[in-house]
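In: Give me a model of this one.
(one chain, ligands or ions: 1)
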Amino acid sequence: MKLEEILKKHEYKRDRLLEIIHDMDDENINYHDLENLKILSKRLKTTIADIYGTITFYGMIRDEKRTRFEINFCSSTVCHIKKAKDLILFVEKLLNCDENGISSDGLFKINRVECLGLCNIAPAMTINGKVYGNLTKEKIENIIRELKNESNS
Ligand code: FES
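Out: Modelled structure (predicted):
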């Protein structure tokens, strides 16, 4: 469903904004995107600030739910020595994450966590509990590409 269809379904009513955001979320439509915020503001006849306030509230609820892929990236000592910080920044940029570590497509959430007990294969992360170690930028790119393909199939 496209954004216009969602808005039409909810009769362009401001008081249904939370449901609209929820539907956008289900359709993986980015509600942080400025262009989408402008459309919402125009169609619902309200300000972007008003919409953003609701999105922030919704985000608190949404963050309680799991995104499709939950990445726990270790930032403890051994991984840190092995440049985990650079890799975390790399993957955050790759996924265009917001300040909460949620990717712009809503598929991924990155958490910086304490030692995962995988120091022998540092730098390490888990995604939905699956272990990935000896990470490099290239490895991470491949993993993310595979998961995105998986989510599209
Ligand atoms: S320090 Fe990263 S897994 Fe132990």
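
In: Would you map out the domains in the chain?
Out: For the chain, automatic domain parsing gives the domain ranges 3-62, 69-152.

In: ok, and what's touching stretch 35-45?
Out: Contact with stretch 35-45 is made by 3-4, 7, 12-14, 17, 20, 24, 29-31, 47-48, 50-52, as judged by Cβ atoms under 8 Å, 6 or more residues apart in numbering. Every residue, glycine included, has its C-beta placed from N, CA and C.

In: List the buried residues for it?
Out: By 16 or more other Cβ atoms under 10 Å, the buried positions in stretch 35-45 come out as 37, 40, 41, 43, 44.

In: Next: stretch 134-142.
Out: Judged by neighbour count (16+ other Cβ under 10 Å), stretch 134-142 contains these buried residues: 135, 140.

In: What average pLDDT does it get?
Out: Stretch 134-142 carries an average pLDDT of 97.

In: Restricting to C-alpha, output it in PDB.
Out: Taking C-alpha atoms only, stretch 134-142 is exported to PDB below (Å, rounded to 0.1, in the frame of the first residue of the first chain):
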ATOM      1  CA  ASN A 134      36.000 -12.000  12.600                       C
ATOM      2  CA  LEU A 135      34.000  -9.200  11.100                       C
ATOM      3  CA  THR A 136      35.300  -6.900   8.300                       C
ATOM      4  CA  LYS A 137      33.500  -4.200   6.400                       C
ATOM      5  CA  GLU A 138      33.200  -6.600   3.400                       C
ATOM      6  CA  LYS A 139      31.800  -9.400   5.500                       C
ATOM      7  CA  ILE A 140      29.200  -7.100   7.000                       C
ATOM      8  CA  GLU A 141      28.200  -5.800   3.600                       C
ATOM      9  CA  ASN A 142      27.600  -9.300   2.400                       C
END
